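1. Make a model of this:
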Amino acid sequence: MKTIYHSGISRGLVIFITLVMLPCYALMIYLSLWIGLALLGLITAVIADAFINTRYTIEERTLWVQCGIFEKKMFDIGLITEIAKTNSWESAPAASMNRIRLRFAKRQTLILSPRRQQDFIDHLLRINPHIVVKPPLSTTTTLPTE
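-> Here you go, the predicted model:
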């Protein structure tokens with residue numbers, strides 16, 4: 001069975017990106033740089049698509065991560081060793097700052113921001129009960145969602 005978890009979206013992150021993009025739009029319009037304006041529109045569309053279409057799909061023992069129009073990446077849930085809360089600003093397939101970091105057996109990490117974090121964590125734990133969940137997360141604590 002396949003279960004899809006969508007990424008949460010942080011208002012603060014949307015506001016930050018908007019505040020960065022608006023002056024660029026204003027400058028392109030003021031200077032009548034229509035090609036630049038078109039390119040900026042394309043960049044905005046790609047960013048919006050990433051916010052809207054970031055999702056995490058669990059299918060059997062596989063975690064599929066898709067961020068917008070970019071390719072899907074596959075991860076073996078059996079190789080996850082740890083889940084921990086993170087506030088990292090590193091680039092990740094996560095449209096929210098309410099993030100978790102998955103650590104894998106080969107020192108690989110993956111940062112995600114599922115909207116229903118606790119359901120997502122519980123689902124991973126049902127598949128791989130050997131995952132260590134680091135504080136402040138626990139299987140009995142409900143995290144706030146955005």
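
2. ok, and the closest non-adjacent residue to the spatially most central residue of the chain?
-> Centroid-nearest residue in the chain, with C-alpha atoms, centre = their mean: Ala94, separated by 1.6 Å. If the residues on either side of it in the chain are set aside, Ala94 comes closest to Ser113, at 3.6 Å by C-beta to C-beta, 6 or more residues apart in numbering. Placement of C-beta: from N, CA and C, glycine included.

3. Give me the pLDDT value at that neighbour.
-> pLDDT, Ser113: 95.

4. wait, isn't it in contact with Arg101?
-> No - the pair Ser113 / Arg101 is not scored as a contact, 10.5 Å apart, by C-beta atoms under 8 Å.

5. Which one's more surrounded, the two?
-> Counted by other C-beta atoms under 10 Å, Ser113 and Arg101 do not tie: Ser113 has more neighbours, with 27 against 18.

6. What distance do you get for the more buried one to His6?
-> From Ser113 across to His6, the span is 10 Å (C-beta to C-beta, to the nearest Å).

7. Cool, thanks, signing off.
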